[in-house]
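Student: model the structure of this input:
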Amino acid sequence: MLLLLRAVAILEGISYLALFAVTMPLKYMADLPVPNKYTGYAHGVLFIAYMVLVLVVGIYKKWGFKQMAILLLAAFLPFATFYVDKKYLSEGTALETAS
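Tutor: Below is the predicted model of the structure:
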């Protein structure tokens, strides 16, 4: 389950960056709204999946409120899901060894 959370975290981060760095400039500068629409759909699904997985895995592994709050807030900041993957979700980290 943790591996799935890590994969979704990385994909959510990539979709977030693609949405803001690639498709939004295409939409507003080149008048191409279609890539933004589909990237936005994908990002929305990945965002919700990430949130649900953080809650499910956090409850299953008995993570504390602070750790779960950090992981949930990471979805709102660019590059933050990559940071939490490295710091909190990778093998041998505090969250993994504490459970």
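Student: send me stretch 3-16 as CSV with only the CA atoms.
Tutor: Coordinates of each C-alpha in stretch 3-16 appear next as CSV, following Å, rounded to 0.1, in the frame of the first residue of the first chain:
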residue,chain,number,x,y,z
LEU,A,3,4.3,1.7,-2.7
LEU,A,4,1.0,2.7,-4.3
LEU,A,5,1.0,5.9,-2.2
ARG,A,6,4.5,6.7,-3.3
ALA,A,7,3.6,6.2,-7.0
VAL,A,8,0.5,8.3,-6.7
ALA,A,9,2.4,11.0,-4.8
ILE,A,10,5.0,11.2,-7.7
LEU,A,11,2.3,11.2,-10.4
GLU,A,12,0.3,13.9,-8.6
GLY,A,13,3.4,16.1,-8.3
ILE,A,14,4.1,15.6,-12.0
SER,A,15,0.5,16.4,-13.0
TYR,A,16,0.5,19.5,-10.8
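Student: mind starting the numbering at 3 from now?
Tutor: Yes, from this point I'll number from 3; that puts the last item at stretch 5-18.
Student: list the buried ones in that stretch?
Tutor: Going by neighbour count (16 or more other Cβ atoms under 10 Å), the buried part of stretch 5-18 is 7-8, 10-15, 17-18. C-betas here are computed from N, CA, C, even on glycine.
Student: give the next helix or strand downstream of the lengthiest helix in the chain.
Tutor: The longest helix of the chain (DSSP state H) is helix 36-62. Per DSSP states H and E, the first helix or strand lying C-terminal to helix 36-62 is helix 67-75.
Student: and that following helix, what does it pack against?
Tutor: helix 36-62, helix 82-86 (3 or more Cβ pairs under 8 Å, 6 or more residues apart in numbering; DSSP states H and E).
Student: returning to what we had before: which one of the buried residues of stretch 5-18 is nearest residue 36?
Tutor: Of all these, residue 17 has the smallest distance to residue 36: 15.9 Å, by Cβ to Cβ.
Student: nearest residue to the closest one other than its sequence neighbours?
Tutor: Excluding the flanking residues, the one nearest residue 17 by Cβ to Cβ, 6 or more residues apart in numbering is residue 45, at 4.0 Å.
Student: okay but the one you found is in contact with residue 19, surely?
Tutor: No. Under the criterion of Cβ atoms under 8 Å, residue 45 makes no contact with residue 19, lying 9.7 Å away.
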